[in-house]
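> Let's see this in three dimensions:
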Amino acid sequence: MKKTVIALFALAAFAGTAFAADVIEMKKGVKFTHKAHQESLKDCTKCHTTAAGGKIEGFGKDMAHKTCKGCHSEGKKGPTSCKECHK
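Got it, this is the predicted structure:
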């Protein structure tokens with residue numbers, strides 16, 4: 001039984017990543033490649049509430065600036081200025 005539960009969890013995790021949209025378009029012209037972020041971060045909980053992913057509750061301007069821009073600044077990768085994200 002335990003092996004079955006683990007196998008189902010692994011299958012669900014794989015299915016979630018396999019069918020995730022590649023280019024995500026946010027408000028105000030912000031677009032990013034989900035797959036590239038998945039591969040780079042390797043931890044869905046850096047953005048999502050759970051490892052299963054899904055809609056990010058409470059996501060808006062303040063959260064995006066803190067989470068996305070903060071991660072880009074910290075990692076010295078990705079856009080950090082207004083015009084680099086908002087095209």
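> from here on, contacts and neighbour counts on C-alpha atoms
Will do.
> Pretty sure I24 sits in a strand.
Yes. Residue state for I24 (DSSP: H, G, I helix; E, B strand; the rest coil) corresponds to a strand.
> contacting residues around it?
By Cα atoms under 8 Å, 6 or more residues apart in numbering, the contact set of I24 is 31-34.
> Which stretches in the protein count as strands?
Secondary structure of the chain by DSSP state E: the strands cover 23-25, 31-33.
> Make CSV from those strands and add mean pLDDT to it.
Output for those, formatted as CSV (pLDDT from 0 to 100):
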stretch, mean pLDDT
strand 23-25, 92
strand 31-33, 94
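> Dump those strands into CSV; add distance to C82 as well.
Listed next are these as CSV, based on distance: least, Cα to Cα, whole Å:
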stretch, distance to C82
strand 23-25, 16
strand 31-33, 13
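> Out of those, the one nearest S73 is which?
strand 31-33 (16.0 Å; Cα to Cα).
> Of all residues in the chain, which one is nearest the centre?
C47 (5.0 Å; Cα atoms, centre = their mean).
> That one touches I56, doesn't it?
Yes. Contact status for C47 versus I56: in contact at 7.5 Å, counting by Cα atoms under 8 Å.
> For stretch 32-52, list every residue counted as buried.
For stretch 32-52, the neighbour count (16 or more other Cα atoms under 10 Å) marks 34-35, 38, 44, 47 as buried.
> do stretch 60-77 as well
Neighbour-count burial for stretch 60-77 [16+ other Cα under 10 Å]: 68-69, 71.
> And for stretch 23-33?
Buried residues in stretch 23-33 (16+ other Cα under 10 Å): none.
> any idea how far it is from the chain center?
Relative to its parent chain, stretch 23-33 has a centroid offset of 12 Å by Cα atoms, centre = their mean, to the nearest Å.
> what's the answer for stretch 77-87, then?
That offset, for stretch 77-87, works out to 16 Å (Cα atoms, centre = their mean).
> now do stretch 36-53
The mean C-alpha position of stretch 36-53 is separated from the chain mean by 5 Å, Cα atoms, centre = their mean.
> before we move on, back to that, from A64, how far out is the residue nearest to the centre of the chain?
The spacing between C47 and A64, counted by Cα to Cα, to the nearest Å, is 10 Å.
> No further queries at this time; thank you.
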